[in-house]
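>>> Sequence first, then the predicted structure, then my questions.
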Amino acid sequence: MPTFASDGLTLAYDHFPGEGRPVILIHSFTSNRNENWRRLGWYGAFERKRIHMAALDCRGHGDSAKPHDPSAYTRAKMVGDIVALLDHLGSERADLVGFSMGARIALACALEYPKRFPLVTLGGIGIKLFEPRAPGYPMAEAMEAADPDAIADPMLRSFRRFADEQGEDRLALAALTRSNDAPFTRDEISKLAVETLVVAGSRDDLAGDPRALAALIPGAKAVTLPGCDHFSAIPHALFKAAVFDFLDGTLE
């Protein structure tokens, strides 16, 4: 298992050499590189197209380091991990494909380092990006709960059960959700200066409308996946098709 160092942590990744600058895949919360990308067919799709690709386990997930301190999960540190991976690969620039949490990290990367990340796909997010965070830390409390069946909210319960199925460190995940970064604003999103694709399912109540978010980003494109919710969008063939069309410049 290859690893790289970032901020004193050891993080796991997979790397498939290919043509062009690398594409870095950034997974969603409670998932990991194997579940989000390998099992759901993304690795194979990139390999068949011979596209240079890397995918990491974000800190707190999978085979990567899992600190229990919320200060270890600031947006700046999560972005720093992507930059560290790019440097480790010996590449000056990379394209990014992120889903949900991974999309937020990709967005932050593009805002902070537009010359290094000139093309980003933001999957599983939409206009609800700007909704205020629920008071308290309900996701952290769900991860810390002794009995997942006692979690009243169905969405929180589904995330908790998924984390358990993946064997994730629930205390690390709780710490991640307790980090207190300021939310993204419409003003900063309107200044995003990279090629951007926003993708979400038509039934994704967590993301909201991807077209409304894309409308705020200069030149951005949007794709709505028919019939998909937040969890069924990732393996969808239309998601993969949109990403590859976007990467090769043919998405209309």
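That came through, no problem. Residues are numbered from 1 along each chain as shown.
>>> All the helices of the stretch 51-200 of the chain, residue numbers only.
Counting by DSSP state H, counting those that start in this stretch, the stretch 51-200 of the chain has helices at residues 75-88, 101-112, 138-144, 154-165, 170-177, 186-189.
>>> Tell me which of these sits most buried.
Ranked by mean neighbour count, the helices of the stretch 51-200 of the chain are led by helix 101-112 with a mean of 24 (mean count of other C-beta atoms under 10 Å). Where you see a C-beta, it was placed from the backbone N, CA and C, and this is true even at glycine.
>>> Check which helices and strands it sits against.
Helices and strands touching helix 101-112, by 3 or more C-beta pairs under 8 Å, 6 or more residues apart in numbering; DSSP states H and E, are strand 19-26, helix 75-88, strand 95-99, strand 119-123.
>>> Among those, which comes closest to A222?
The stretch from these with the least distance to A222 (C-beta to C-beta) is strand 119-123; that distance is 9.5 Å.
>>> hey, C-alpha coordinates of the closest one in PDB?
The C-alpha atoms that make up strand 119-123 are tabulated as PDB, following Å, rounded to 0.1, in the frame of the first residue of the first chain:
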ATOM      1  CA  LEU A 119     -10.400  21.700 -13.600                       C
ATOM      2  CA  VAL A 120     -12.700  20.300 -10.900                       C
ATOM      3  CA  THR A 121     -15.800  18.100 -10.700                       C
ATOM      4  CA  LEU A 122     -18.000  18.800  -7.700                       C
ATOM      5  CA  GLY A 123     -20.200  15.700  -7.200                       C
END
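>>> Contacts made by it with the rest, please.
Strand 119-123 is touched from outside by 95-100, 102-103, 106-107, 109-110, 194-200, 213, 233-234, 239, 242-243, 246-247, with contacts defined as C-beta atoms under 8 Å, 6 or more residues apart in numbering.
>>> Report the inter-axis angle for that strand versus helix 101-112.
Per axes from the mean of the first three to the mean of the last three C-alpha atoms, to 10 degrees, the angle that strand 119-123 makes with helix 101-112 is 150 degrees.
>>> dump the residue contacts of A174.
Under the criterion of C-beta under 8 Å, 6+ apart, the neighbours of A174 are 137, 139-141, 143-144.
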